[in-house]
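Sequence and predicted structure are below.
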Amino acid sequence: MAKPYSIDLRQRVLQYLKEPNDKMQASQLFQVGIATVYRWVARKKQKGSIEPIKRKKGKPTVTIPNDKELARGTEHALRKVLEKA
């Protein structure tokens, strides 16, 4: 996932819009998507803040201590399958 835009950039965009400027112009000038500008304006009106939303972290990755353990486990599983055949 991409990092959120900086608060400084968000503030500059909203400051630019306080003057009689168009959202499309702000989008092009600051090189952010027009939908992003609309979201920032809406968030400022609704919540009074332009802080990025805190994202939840996903499940932690499962790590295997070393490849030998993986190889032993795979070999053991393969032997069980072959014994049943």
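That came through, no problem.

residues near K57, how many?
6 (other Cβ atoms under 10 Å). C-beta coordinates here come from the backbone N, C-alpha and C atoms, glycine included.

That one: what's it in contact with?
Residues near K57 by Cβ atoms under 8 Å, 6 or more residues apart in numbering: none.

which secondary structure element contains it?
Using DSSP states H and E, K57 falls within no helix or strand.

how close does it sit to S27?
30 Å (Cβ to Cβ, to the nearest Å).

same deal with A35?
9 Å.

Distance from the chain centre to the top helix by length along the chain, please.
In the chain, with assignment by DSSP state H, the single longest helix is helix 67-84. Relative to its parent chain, helix 67-84 has a centroid offset of 38 Å by Cα atoms, centre = their mean, to the nearest Å.

What of stretch 32-51?
Worked out by Cα atoms, centre = their mean, stretch 32-51 lies 17 Å from the chain centre.

who touches that stretch?
Applying Cβ under 8 Å, 6+ apart, the external contacts of stretch 32-51 come out as Y5, I7, L9, R10, Q11, V13, L14, L17, K23, M24, A26, S27.
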